[in-house]
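# below: sequence and its predicted model.
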Amino acid sequence: MEIYIISMCVVAGIYAVMALGLNVMWGMAGLVNLGLVGSAAAGAYTSAILTKTFAIPIPLGIMAGAIVAAAVGAVLSLVTRRLKEHYLAIVTLGFAETIRIVASNEIWLTNGTDGISGIAGPFRADLTPFQYNLVYLGIVLLVLLGLYVCCQRISYSPLGRVLRAVRDDDMVVSVAGKNAQSFKLKAFSIGSGIIGLAGGLYAHYTSFISPDLFVPLLTLYVKLSLLVGGVGNNRGAVVGAALIILILEGSRFVVPFIPYISPAQGAAIRELFLSATLLIVLRFRVTGLIPEPHDHPVIPRPGTATAGTSIKAF
Amino acid sequence: MNVLQLIANGIMAGSILAIPAIGLTAMYSVLRFPNFAIASHATVGAFAGWVANSVYGFSVLPSLAIALLISGLVGLLTDELILKPFRSAGVITTAIGSLALTIGLENVVRLFFGNDLRGYDLPLARDIIVGGIHLGPQQLNNLAVSIVVMALVFGFLFFTRMGKAMRAVADNPRLADIKGIDSRIVARIASFMGMGLAGLGGMLIGLDSSIDPLTGFRSMLPIFAAAVVGGLGSIPGAVAGALVIGIAEELSLLALPASYKSAVAFIAIMLILTLRPQGLFGREAN
Amino acid sequence: MNRREFLSASAIVAGSLCAPGILRAETVIKLGVLTPLTGAGASDGPRMVKAMQAVVEEVNKAGGVIGRSIELVVEDDQTNPEAAVRAAQKLVGVDRVPVIMGTWASAVTSAVAPVCWESKTCLMTVSGADSITQLPHQGYIFRTQPNTALQATKHAEYIASVGAKKVFYVAVQTPFAATMREQIASVLTAKGSSLVGGLIYESNKTSYRSEIDSAIAAKPDFIYLNSYSPDLTVLLKDLYRAGYSGGRITQSYAYTSKVAEGIQADVTDGLITVQPSSDVGSEAYSLVQKRLSNPAADSYEAQATDWISLALLAVQKSGKVVGTDIRDAVRLISQGGGTKVYSAAEGLKLLQQGKDVNYDGASGNCDFNEKGDIMDCRFRYSAAKGGKIELIKIV
């Protein structure tokens, strides 16, 4: 039981790191990214290939993964710089699918759909599974704490203020003499870098990655984490990730008590339960469980009035 | 490979995509959010049509009508009960709410129908050859259904009061409000029509292949791609976008392995949107 | 009624309601099932669960294993490695199952394999990627699916034996798609026919017309369709429309009796399906047909039957419900000089009498090499005819 709880905490921690990265893009700068698994894949594959082929130390591999993911994010941000948010949503979704397809086909680099197995984990050979999970939980929590502090600092730094302004009204930013585009680029690459780092953490934790890992479902889970926790809020990102894992895992223990259903129906009910819980949380707490602090006396809370990208129809 | 044949195949594939893409874009123009629940509604329509066709023995055309009706009603209900309250929270929250909804509905279908593949009761005809190009009668029928549906949608939008009201709300909700158009009714019509078309598209896809709870989800990305390439909110755009996606995927076989098909579609989207950020037929956003 | 009476009365009521439950709680043996119930593999997972449950029911009725009854703990792997790892952690961490059965996608199996061998849990799978048994799994992995080389060789020999001269290979993108093509090509050449081309396609598309056109352009007289059910139905329809009239072969798990119900019979007539099989005289397969009331039980149902039977026999043999002991006992009951048995119930009876058994399964003899692959098997070829699937021969 303990090992299960610890390993789920590790997964929740990695989800939380991704949610933090997403928050930099989406929460702070208002940039929609439905392709975050693409960044996670870039980070995971970079780290896995570097540590396996060139035997570089794991922390360096993960860092390299984060850098590559940040660079890929920057390029994506440049390519999509003129797109409005709904268009950005579909393009990023397509970007992640393209990364997955490339990873499936370029066997020389990624080993194709076979995936890469035997990725090194820290001291894995010398520890029992229980100890290993405990050590990894420590590492993930440290990384999470470090990133949380960094993100908090970004949030309250001049950069964070500008990003929020970019999100709420980029005209204001331009008037203030700032280049909104370069701030968007920064936010996108920092966010992608953090998500790439989470991808690396996951690769070294489970020791196996394959293209099938990086499907839209994972994006959705992370996205929902942030949404449930509270967009624009780092604490919300962490709490939301923990909650999502709690719902995903908790439902396993509830469903067997429902009589007269087949296992496939049980699986369907589990997913229904997830969907219903999320819809209910979102319905009654639209701002997430921990809303973004907002104490400006005059400027209204964003989100209600900003939906007006009125695209003329027909 | 015969380029004309590839283009013909692309048009066939695109014309089926066009129907749900029209639905998506029509909903978008009024409700102003990308509705991911279109995937599960395509599945709902496919299963409703299957029940009508295989269980109750209706022929294909009435079954298609039933698919449209049922998925339209489900779309209307889910929008009223589930998605409407989200809209005040912003576009992306609503969009993600619709993603959660699509998982929910997919699993309602799974709960009642299970995961087995199902096929429609429909004789399959061999291709006819016109000028050296193979054309499937079933695909030609689908093409005809698509064209008729597109014509009906246009007729509805341009020649009926409700259609004109819909366009007015899409164009400028505030102005429409001043003019006394009840935007709530327009929103309901848009949900019914959009999801109905999604369901019809789901069944058309199923006629060509087979259906299971993932039918809609498999086609979700190409449907979105079609609507986005054409310009979200533009109905001719959705048709053009669907044809672009369909043809681009088939033509990609000339240069790349078949396992790269979808990637090519996405690269096409990126290229088009880089040149025209508002999509082919979208007007310049303000 | 005073308090004590009430308590004892309710205890009796509760006891009678869940007597089997209490009995189970004390003595039950929990075995893990991890299989796709949602996602891309969802049309295959539930069949495997049913096949395993059928065996468990039969064994429980006959008195269970080492005097205890069996319970399957079923988790959904969502056909996704990330979700599967969480589910596997739950099975080994909370239910402490000694064996996990039923992983389908190769990526899922590779992802959960380290969780299994590190927690000393056996893993039984249908996944086809050759890399799986190459993992450093210390003997914990058993794969009943024949490896790529064995399948490709035998299938190609069969194709050549029916007189096909020009064969085309169509496969979904999987870890074994490309290696299988090479192997088929070399066997065909050795047998005097040839592979005229091959293509690897992307799964989940709604039409494969252009892919089919390019296959037909090579003028094959036989097409090997290495696909899963959803794509296969599209491919078969597109082949029919295009007027292709040559031979077609596919795996039995792709063209199951359920799939057959959904496709027009004239589209599939003549389609050959293949699945691993035991010897001609073996009763194991006919027992599966009877147990599942399915005359065309497919490869996955047969393999699922074999996993649970092997696991139960190994528990009985070792006398313990421990992963490592099961691992060590599997080869003692699956191969060697014991009495041939064709079902778990039959084998358990003999083991309880202290006799040695050699389990002969529905998907083959179930003789494993040191890597966990089956050593050899025969193949069962059937043909679709009027929507039914009829046996041609076992070679």
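Yes, it's here.
# from here on, contacts and neighbour counts on C-alpha atoms
Fine.
# quick one, helices of the stretch 1-150 of chain B?
Listed in chain order, the helices found in the stretch 1-150 of chain B under DSSP state H, counting those that start in this stretch are B:3-31, B:38-50, B:60-78, B:91-113, B:137-159.
# using PDB, write out every CA atom in the second one.
Backbone C-alpha positions of helix B:38-50 (Å, rounded to 0.1, in the frame of the first residue of the first chain) are rendered in PDB as follows:
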ATOM      1  CA  ILE B  38     -18.300  17.500 -31.300                       C
ATOM      2  CA  ALA B  39     -16.300  14.200 -31.100                       C
ATOM      3  CA  SER B  40     -18.700  12.500 -28.700                       C
ATOM      4  CA  HIS B  41     -21.700  13.800 -30.600                       C
ATOM      5  CA  ALA B  42     -20.400  12.300 -33.800                       C
ATOM      6  CA  THR B  43     -20.300   9.000 -31.900                       C
ATOM      7  CA  VAL B  44     -23.800   9.500 -30.500                       C
ATOM      8  CA  GLY B  45     -25.100  10.100 -34.000                       C
ATOM      9  CA  ALA B  46     -23.300   7.100 -35.400                       C
ATOM     10  CA  PHE B  47     -24.900   4.900 -32.700                       C
ATOM     11  CA  ALA B  48     -28.300   6.400 -33.000                       C
ATOM     12  CA  GLY B  49     -28.200   5.800 -36.700                       C
ATOM     13  CA  TRP B  50     -26.900   2.300 -36.100                       C
END
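# list of residues touching it?
B:20, B:24, B:63-68, B:70-71, B:74-75, B:102-103, B:105-106, B:109, B:119-120, B:195-196, B:198-204, B:206, B:211-217, B:219-220 (CA atoms under 8 Å, 6 or more residues apart in numbering or on different chains).
# still on that earlier bit, give me whichever of the helices of the stretch 1-150 of chain B is most buried.
The highest average neighbour count among these, using mean count of other CA atoms under 10 Å in any protein chain shown, belongs to helix B:38-50 at a mean of 32.
# what angle sits between that helix and helix B:60-78?
140 degrees (axes from the mean of the first three to the mean of the last three CA atoms, to 10 degrees).
# and helix B:38-50, what's its mean pLDDT?
Mean pLDDT, computed over helix B:38-50, is 97.
# stretch B:180-199 now?
93.
# and the residue found closest to residue C:209 once you drop the neighbours it is linked to in the chain, how close does it get to residue B:79?
Of all residues not flanking residue C:209 in the chain, residue C:238 sits nearest, at 5.8 Å (CA to CA, 6 or more residues apart in numbering or on different chains). To residue B:79, residue C:238 is 37 Å away according to CA to CA, to the nearest Å.
# look at these two and report which has more neighbours.
residue C:238 (25 against 22; other CA atoms under 10 Å in any protein chain shown).
# please report phi then psi for the more buried one.
With angles defined as degrees, to the nearest 10, residue C:238 sits at phi -70, psi -40.
# swap in residue C:223?
Per degrees, to the nearest 10, the backbone of residue C:223 is at phi -120, psi 130.
# which parts of the stretch 101-250 of chain C are helices?
Under DSSP H, counting those that start in this stretch, the stretch 101-250 of chain C gives helices at C:106-118, C:131-134, C:148-161, C:177-190, C:209-217, C:229-241.
# return the most buried member of these.
helix C:106-118 (a mean of 25).
# that helix - contacts with which helices or strands?
helix C:81-93, strand C:122-125, helix C:131-134 (3 or more CA pairs under 8 Å, 6 or more residues apart in numbering or on different chains; DSSP states H and E).
# near chain A, anything from the helix or strand where residue B:200 lies?
Secondary structure from DSSP states H and E places residue B:200 in helix B:183-208. No - for helix B:183-208, no contact with chain A is found by CA under 8 Å from any CA of the partner chain; the gap never falls below 13.3 Å.
# pick the most buried one from the helices and strands packed on helix C:106-118.
Compared across those, strand C:122-125 shows the largest average neighbour count, a mean of 28 (mean count of other CA under 10 Å).
# please name the bridge partners of residue C:71.
Per DSSP bridges, the residues bridged to residue C:71 are residue C:30.
# residues near it, how many?
Neighbours of residue C:71 (other CA under 10 Å): 16.
# returning to that earlier point: can you redo the helices of the stretch 101-250 of chain C as CSV with mean pLDDT?
Listed next are these as CSV, based on pLDDT from 0 to 100:
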stretch, mean pLDDT
helix C:106-118, 96
helix C:131-134, 94
helix C:148-161, 95
helix C:177-190, 94
helix C:209-217, 93
helix C:229-241, 94
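# can you map out the helices along the stretch 201-314 of chain A?
For the stretch 201-314 of chain A, the helices defined by DSSP H, counting those that start in this stretch occupy A:216-229, A:234-254, A:263-284.
# returning to that earlier point: buried ones in the helix holding residue B:200?
Buried residues in helix B:183-208, counting neighbours by 16 or more other CA atoms under 10 Å in any protein chain shown, are found at B:183, B:186-208.
# could you identify the helix or strand that succeeds that helix?
Downstream of helix B:183-208 (by DSSP H and E), the next one is helix B:215-230.
# can that following helix be found next to chain C?
Yes - Helix B:215-230 reaches chain C (CA under 8 Å from any CA) through B:218, B:219.
# quick check: angle from that helix to helix B:91-113?
Using the same axes, to 10 degrees: helix B:215-230 against helix B:91-113 is 150 degrees.
# is residue C:391 located within a strand, as I assumed?
Yes - under DSSP: H, G, I helix; E, B strand; the rest coil, residue C:391 falls within a strand.
# residues near it, how many?
Residue C:391 - counted by other CA under 10 Å - has 16 other residues nearby.
# what's in contact with stretch B:97-115?
A:220, A:264-265, A:268-269, A:271-273, A:275-276, A:278-279, A:282, B:35-41, B:43-44, B:83, B:86, B:212-214, C:37-38, C:42-43, C:46.
# any quick ChimeraX command for the buried ones out of those?
The ChimeraX selection below is limited to those of the contacts of stretch B:97-115 classed as buried (16+ other CA under 10 Å):
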select /A:220,264,265,268,269,271,272,273,275,276,278,279,282 /B:35,36,37,38,39,40,41,43,44,83,86,212,213,214 /C:37,38,42,43,46
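# does any bit of stretch B:244-264 sit next to chain A?
Yes - residues of stretch B:244-264 are located near chain A by CA under 8 Å from any CA, namely B:259, B:260, B:262, B:263.
# typo on my end, stretch C:160-179
Yes - contact of stretch C:160-179 with chain A (CA under 8 Å from any CA) involves C:173, C:174, C:175.
# could you dump stretch C:377-391 to PDB, C-alpha only?
The C-alpha coordinates for stretch C:377-391 follow below in PDB (Å, rounded to 0.1, in the frame of the first residue of the first chain):
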ATOM      1  CA  CYS C 377       3.700 -23.700 -32.100                       C
ATOM      2  CA  ARG C 378       1.400 -24.700 -34.900                       C
ATOM      3  CA  PHE C 379      -1.000 -22.300 -36.600                       C
ATOM      4  CA  ARG C 380      -4.700 -22.600 -37.100                       C
ATOM      5  CA  TYR C 381      -5.900 -21.300 -40.500                       C
ATOM      6  CA  SER C 382      -9.600 -20.600 -41.000                       C
ATOM      7  CA  ALA C 383     -11.500 -18.900 -43.700                       C
ATOM      8  CA  ALA C 384     -14.500 -16.500 -43.700                       C
ATOM      9  CA  LYS C 385     -17.500 -17.900 -45.400                       C
ATOM     10  CA  GLY C 386     -20.900 -16.300 -45.300                       C
ATOM     11  CA  GLY C 387     -20.000 -14.400 -42.200                       C
ATOM     12  CA  LYS C 388     -18.900 -17.500 -40.400                       C
ATOM     13  CA  ILE C 389     -15.300 -18.500 -39.700                       C
ATOM     14  CA  GLU C 390     -14.500 -22.100 -40.700                       C
ATOM     15  CA  LEU C 391     -11.400 -24.100 -40.000                       C
END
